[in-house]
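> need a 3D model of the following:
(one chain, ligands or ions: 2)
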Amino acid sequence: MTNVYSTQPPGRVLVSAEAIAKSFPSADGGSLRVLEGVNLTIREGEIVALLGRSGSGKSTLLRVLAGLIPPSAGEVRYRGVPVDETDPAVAMVFQSFALMPWLTVLENVELGLRAAGVPRAERTQRAIDAIDAIGLDGFETAYPRELSGGMAQRVGFARAFVQRPDLLLMDEPFSALDVLTGENLRSELMKVWGDRELSGQSICIVTHSIEEAVQLADRVLVLGGTPGAIQAEIPIHIPRPRDKRSPTFESAVDHLYALLTGKTPGAGHASEAPPGPLTHPLPEATSGGLAGLIEIVVAHGGQTDLPDLADELSFDIDDLLPLVDAASMLGLLTVDGAQSFITDAGYAWHWAGIHESKISFAELAVARAPLVRTIVKALEHSDTGSLRADFFRDLLRRGFNEQDAERQLTLAIDWGRYGELFDFDADSDELMLSEVATGLSALLDPDAGNPPR
Ligand code: ADP
Ligand code: MG
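Ligands and ions are numbered 1, 2, ... in the order given. Got it, this is the predicted structure:
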């Protein structure tokens, strides 16, 4: 066993990123600020996890670190030299690895070496070694179509290992695999990384999975905010191999969980700017999903430890986050660290009959979900009580890209329909106010931003 399994002092700085910013042109001709003021270092022999929610800019940051895209501001240095002046010894593993379907496993793994001009005999030997190391022995002559997803991703790893990079960059390499396959491959990766003489090698892995970050990393960098920045840096000093059931493991998960949920839109007490649809997007949760979550928490006596709950449901804990965010935005749940509790409003909603539950959902959504509120308000101000959906799309594109804007609108329509606030006619592409909603106009005035209790 090499020194990577022990907690030894970190090596020299391999990569440093200073004051990185990245913007993309947005649909309305402005610019979308994705990253700002990102500082980080990766040392020799270290595994760093970049943890953040979907859309927080993780992949963008990884690409900037790899030198694949230039930052809008700031600089990435590789052993002290700016990346645009050097060709860093990095290898990438993507979520789904694009294997060449007409090449065998061996040929796919050799590809990079061939491009680098490594002589034939050497590259074949190195490729065979890499294939063995990641458990693909015997599959050298197989074609990608003959492989399962897990096997194909092993080829992706072999293809990265064979280059013997100083830094291995991985963008959610396990997230396209089923849970068990992902878990196996993760522990094998750690074995390969520990067993071989790779102690100088560093890994930077992007993940949205808290457990994966705690399983793998020496240090977890939490990416969040708009625009994205490093919001916390958590060292993980748990000896390897790590046991998911150990109290230290669980407490690290709880700590990171609290950090990620702490930024929950609507959960904070004193936010500076009033919440608007662009600063407080609707979490990815449908009204049906919300009802399911509340039902489960009620069944747990109204209080639950969310990581435990995720475990029990064999959910990735991160899949619960958007639901929890939505429930907390609406005031159905409160979150304190990893614990969550049903509120009075949550109980009222849960126990109400169908009709009452729709009314109480409508009230909460108008009061607490900025986009729903904006839509109701705008519809009330239109003569006909209806507006083209494009009106809202244009508004949303000021803060989101095309796809996310559409997603937000779809979520708002789901919530609005469930609460019978407004409806959407796909043929005319129009949103229109329902009868019920007019009765809610009182809520739209001065103190309506406060949660009804
Ligand atoms: P993550 O990997 O954390 O899910 P990404 O880095 O992929 O996040 O994306 C962050 C944000 O930047 C998203 O809103 C995404 O739509 C936007 N984005 C990423 N790449 C581009 C691009 N090439 N052009 C425009 N917008 C982009
Ligand atoms: Mg990504």
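
> tally of neighbours for whatever residue of the stretch 351-453 of the chain ends up closest to ligand 1?
Per CB to the nearest ligand atom, the residue of the stretch 351-453 of the chain with the smallest distance to ligand 1 is residue 401, at 4.2 Å. The way it works is simple: take the backbone N, C-alpha and C, and place the C-beta from them, glycine included. Using other CB atoms under 10 Å as the criterion, residue 401 is surrounded by 17 other residues.

> give the contact list for it.
The neighbourhood of residue 401, defined by CB atoms under 8 Å, 6 or more residues apart in numbering, consists of 24, 26, 27, 32.

> once you drop chain neighbours, what's closest to the first one?
So that's residue 24. With sequence-adjacent residues excluded and distances taken as CB to CB, 6 or more residues apart in numbering, residue 24 is closest to residue 32, at 4.8 Å.

> one more: the third one?
Counting by CB to CB, 6+ apart, residue 27 lies nearest to residue 397, which is 4.7 Å off, once chain neighbours are set aside.

> just checking, residue 286 touches residue 417?
No - the pair residue 286 / residue 417 is not scored as a contact, 10.3 Å apart, by CB atoms under 8 Å.

> which among the contacts of residue 401 gets closest to ligand 1?
With CB to the nearest ligand atom as the yardstick, the closest approach to ligand 1 among the contacts of residue 401 comes from residue 24, at 3.3 Å.

> helix, strand or coil for the closest one?
Recorded secondary structure, residue 24: strand (DSSP: H, G, I helix; E, B strand; the rest coil).

> that one and residue 38: what is the separation?
15 Å (CB to CB, to the nearest Å).

> compare those two (neighbour count), which wins?
Using other CB under 10 Å, the more surrounded residue of residue 24 and residue 38 is residue 38, with 26 against 12.

> and what about that one, helix, strand or coil?
Each residue gets one of three states, and residue 38 gets strand by three-state DSSP.

> residues touching it, list them.
If you count contacts by CB under 8 Å, 6+ apart, then residue 38 has 17, 19, 20, 21, 61, 74, 223, 228, 229, 230 around it.

> let me see the backbone angles for the third one.
What that stands for is residue 20. Reported as degrees, to the nearest 10, the phi and psi values for residue 20 are phi -70, psi 130.

> what about the chain, any weak spots by pLDDT?
Within the chain, the stretches with pLDDT under 70 are 1-10, 96-97, 195-200, 262-274, 436-453.

> for ligand 1, what are the nearby residues on it?
If contact is defined as CB under 6 Å from any ligand atom, the residues of the chain in contact with ligand 1 are 24, 32, 34, 52, 54-60, 401, 404.

> out of those residues, which are buried?
Buried residues within the residues of the chain next to ligand 1, defined by neighbour count using 16 or more other CB atoms under 10 Å: 32, 34, 52, 55, 56, 57, 58, 59, 60, 401, 404.

> measure the last one to residue 342 for me?
So that's residue 404. 30 Å.

> and stretch 280-292, end to end?
Distance between the two ends of stretch 280-292: 23 Å, counting by CA to CA, to the nearest Å.

> list the buried residues of that stretch.
Buried residues in stretch 280-292, counted by 16+ other CB under 10 Å: 280, 281, 282, 283, 284, 285, 286, 287, 289, 290, 291.

> so what's the gap between that stretch and the chain middle?
16 Å (CA atoms, centre = their mean, to the nearest Å).

> tally of neighbours for the closest residue to residue 144 other than its chain neighbours?
Closest residue in space to residue 144, ignoring its immediate chain neighbours: residue 99 at 4.3 Å, by CB to CB, 6+ apart. Residue crowding around residue 99 was assessed by other CB under 10 Å; the count is 21.

> can you map out the helices along the stretch 51-200 of the chain?
58-66, 105-115, 120-133, 149-161, 179-195 (DSSP state H, counting those that start in this stretch).

> report the contact partners of the residue nearest to residue 144.
Going by CB under 8 Å, 6+ apart, residue 99 touches 108, 144, 152, 155, 156.

> now swap in residue 415 and tell me
In this structure, residue 415 makes contact with 282, 287, 361, 365, 369, 372, 421, judged by CB under 8 Å, 6+ apart.

> ditto for residue 207
49, 50, 51, 58, 172, 174, 175, 213.

> repeat for residue 22
The neighbourhood of residue 22, defined by CB under 8 Å, 6+ apart, consists of 33, 34, 35, 57, 60, 61, 64, 69, 71, 72.

> just the buried ones among those residues, please.
By the neighbour-count criterion of 16+ other CB under 10 Å, the contacts of residue 22 include these buried positions: 33, 34, 35, 57, 60, 61, 64, 71, 72.

> nearest residue to the fourth one in space, please, no chain neighbours.
So the one you mean is residue 57. Spatially, and ignoring its direct neighbours in sequence, residue 57 is nearest to residue 228 (3.6 Å; CB to CB, 6+ apart).

> I'd say that neighbour and residue 32 touch.
No - with contacts defined as CB under 8 Å, residue 228 does not count as touching residue 32, sitting 11.2 Å away.

> now whichever residue of the stretch 151-300 of the chain sits closest to ligand 1: phi and psi?
Of the stretch 151-300 of the chain, the residue with the smallest distance to ligand 1, taken as CB to the nearest ligand atom, is residue 206 at 6.5 Å. When quoted as degrees, to the nearest 10, the phi and psi of residue 206 stand at phi -90, psi 130.

> picking that back up, shouldn't the residue nearest to residue 24 be within a strand?
Yes - the assignment for residue 32 (three-state DSSP) places it in a strand.

> state the distance from it to residue 66.
As judged by CB to CB, residue 32 and residue 66 stand 21 Å apart.

> pretty sure residue 216 sits against residue 205.
Yes - with contacts defined as CB under 8 Å, residue 216 counts as touching residue 205 at a distance of 6.1 Å.

> overlap of the contact sets of those two?
47, 49.

> can you give me the strands in the stretch 301-450 of the chain?
If DSSP state E, counting those that start in this stretch is used as the criterion, the strands of the stretch 301-450 of the chain fall at 303-305, 333-336, 339-342, 386-388, 422-425, 430-433.

> in contact with the residue nearest to residue 225 when sequence neighbours are not counted, which residues?
Taking CB to CB, 6+ apart, and ignoring the residues beside it in sequence, residue 225 has residue 231 as its nearest neighbour in space, at 6.1 Å. Taking CB under 8 Å, 6+ apart, we find residue 231 in contact with 222, 223, 224, 225, 259, 263.

> check the secondary structure at residue 231 for me.
The three-state label for residue 231, taken from three-state DSSP, comes out as strand.
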